[in-house]
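**Student:** Structure of the sequence below:
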Amino acid sequence: MNVAPPARRTPAARTTRAAVHSAEVTLSDGQRFASLGGVVVRNRRLALVWLRRQALRLANGHGLLLAPEPVRLPRGDVRPVRFHGSDAPEELRRWATEGAHQDHAIRALEAGFPALFTVLDPAVGLSLTLAGWRGHPTDH
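**Tutor:** Modelled structure (predicted):
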């Protein structure tokens, strides 16, 4: 019996998908949602840095420019949001600046879970969610 050996896969023939992480900020009224912006980056740390930057941008002046980040990020800052109270901006600022929140988010991403943080603006019934996950936006 004459059987050909199995074909060897060459490096060019391998189809590997580079590990990427996505991050997005969404706004919802409970029934509908809208994306305020998002990015695809090469690792979980950059996804978290982008989310942190967006949280601070939203909290610190409703879209005013902040000092540049030490890590170069893809452009794609979220559109500004006008909050009707101070609770949501304070929660965003706390999430972005307190180490425990950042540690929890990076551990979730390391474990393959999404990192989610939601703040509410009860005056108008809106919620704003920062989300990061492994994969492309279509994988979410």
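
**Student:** Tell me the confidence at residue 102?
**Tutor:** You'll see residue 102 listed with a pLDDT of 95.

**Student:** Check the burial of it by counting its neighbours.
**Tutor:** The local packing of residue 102 (other Cβ atoms under 10 Å) involves 17 other residues. (Each C-beta comes from the backbone N, C-alpha and C, glycine too.)

**Student:** In stretch 98-118, which residues are buried?
**Tutor:** Neighbour counts over stretch 98-118 (16 or more other Cβ atoms under 10 Å) mark 101, 102, 105, 106, 108, 109, 114, 115, 117 as buried.

**Student:** Now go through those residues and say which are in helices.
**Tutor:** 101, 102, 105, 106, 108, 109 (DSSP state H).

**Student:** Check the gap between the residue nearest the centre of the chain and residue 122 for me.
**Tutor:** Residue closest to the average C-alpha location in the chain (Cα atoms, centre = their mean): residue 23, at 2.2 Å. Per Cβ to Cβ, to the nearest Å, residue 23 is found 25 Å from residue 122.
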